[in-house]
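> no sequence on hand, only this structure:
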């Protein structure tokens, strides 16, 4: 991990870590501290009503004192009721602690998950004031499938290996 962090610093990039399930508040804090990362991104895909769901309030509180960037990358499953309706009480701890919302725009899996639609959902239903789309470039999708990507302050790519 030290080599990756050093390479990021050498190229003026922000070294962050991405935690995928399963994780809890203690794991997020320890990973952030052990890695020396400038930011942490937690995957928010487990439906909020299942037993293994992430306790987002605990996660937000566990790293609130760390001077690092914090974000959730999500398809919104973590922030809905069992009926599939938006549940802003689940996203509220992250919003209140200033976590960024990185929306999964994986058009090959979810054709309606455009940057505009995911941004609208996050703002109108879950309380975020801004989003950063994560563009899925797999399943035949290319940058041309995301013509509005530059309408956002930042965007990132998932599965860029297929682009090269």
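Received it, and whenever you're ready, just let me know what you need. Computed from a predicted model, the values in this text were never measured in an experiment.
> need the strands for this structure, in chain order.
16-19, 39-44, 69-74, 100-105, 132-136, 156-158 (DSSP state E).
> which residue packs closest to the residue nearest the centre of the chain, ignoring adjacent ones?
By CA atoms, centre = their mean, the mean C-alpha position of the chain lies nearest to residue 73, the distance being 1.4 Å. If the residues on either side of it in the chain are set aside, residue 73 comes closest to residue 102, at 4.1 Å by CB to CB, 6 or more residues apart in numbering. Yep, even glycine has a C-beta here, placed from its N, CA and C like the rest.
> show me what the lowest-mean-pLDDT helix or strand in the chain is packed against.
Confidence across the helices and strands of the chain bottoms out at helix 2-10, with a mean of 86, counting by mean pLDDT, DSSP states H and E. Helices and strands touching helix 2-10, as assessed by 3 or more CB pairs under 8 Å, 6 or more residues apart in numbering; DSSP states H and E, are absent.
> can you list the buried residues in that helix?
residue 5 (16 or more other CB atoms under 10 Å).
> contact partners of it?
Outside of helix 2-10, the residues that reach it under the criterion CB atoms under 8 Å, 6 or more residues apart in numbering are 13-15, 35-37.
> 10 Å instead, please
Residues external to helix 2-10 that are found in contact with it (CB atoms under 10 Å, 6 or more residues apart in numbering): 13-17, 35-38.
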